[in-house]
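Engineer: heads up, no residue letters with this:
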């Protein structure tokens, strides 16, 4: 099974490099990346809602060192359907990621351009 990933070269280096800068700059960068993940989460939730509203409400966004993740926060309740996690990944989360990849790429570029301009002008620090 192929893994679908939107790769932003230098993302991990950027996040590591932000450790030494002002907290406001790091917070703005993380918020920009969170907004990108939020679009994928909303798409996945709208796809899952007709099947199961609890599942749809459980999708969350996390900004981490290695990237932005959209994950299911709701734990298994009965264990009667162990394949449901794979079903969500194959039929809900990955298609949402694929549908939103061009938009996410544009938004990441815009966010990085904006943050770079603000950093260079000194308006963040």
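Structural biologist: Good, I have the coordinates. The structure presented is a predicted model; accordingly, all values stated were derived computationally and were not measured. Numbering: from 1, shown residues only.

Engineer: so where do the strands sit in this structure?
Structural biologist: 59-64, 67-72 (DSSP state E).

Engineer: switch those over to CSV; also include mean neighbour count.
Structural biologist: C-beta coordinates here come from the backbone N, C-alpha and C atoms, glycine included. Below are the strands of the chain laid out as CSV (neighbours: other CB atoms under 10 Å):
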stretch, mean neighbour count
strand 59-64, 16
strand 67-72, 18
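
Engineer: mean pLDDT lowest for which of these?
Structural biologist: Comparing mean pLDDT across the strands of the chain, the weakest is strand 67-72, with a mean of 84.

Engineer: need the contact list for residue 40.
Structural biologist: 61, 70, 93, 96, 97, 100, 104 (CB atoms under 8 Å, 6 or more residues apart in numbering).

Engineer: can you name the two of those that sit furthest apart?
Structural biologist: Among these, the pair separated by the greatest distance (CB to CB) is 93 and 104, at 13.5 Å.

Engineer: distance of residue 116 relative to residue 71?
Structural biologist: Counting by CB to CB, to the nearest Å, the separation of residue 116 from residue 71 is 29 Å.

Engineer: ok, now residue 88?
Structural biologist: Relative to residue 71, residue 88 is positioned 10 Å away (CB to CB).

Engineer: and residue 94, how many neighbours?
Structural biologist: Neighbour count of residue 94, defined by other CB atoms under 10 Å: 17.

Engineer: cool, residue 44 as well?
Structural biologist: Residues within reach of residue 44, counting by other CB under 10 Å, total 25.

Engineer: and for residue 33?
Structural biologist: 24.

Engineer: correct me, but it touches residue 112?
Structural biologist: No. Residue 33 lies out of contact with residue 112 (CB atoms under 8 Å); the separation is 9.5 Å.

Engineer: now do the contacts for residue 114.
Structural biologist: Taking CB under 8 Å, 6+ apart, we find residue 114 in contact with residue 32.
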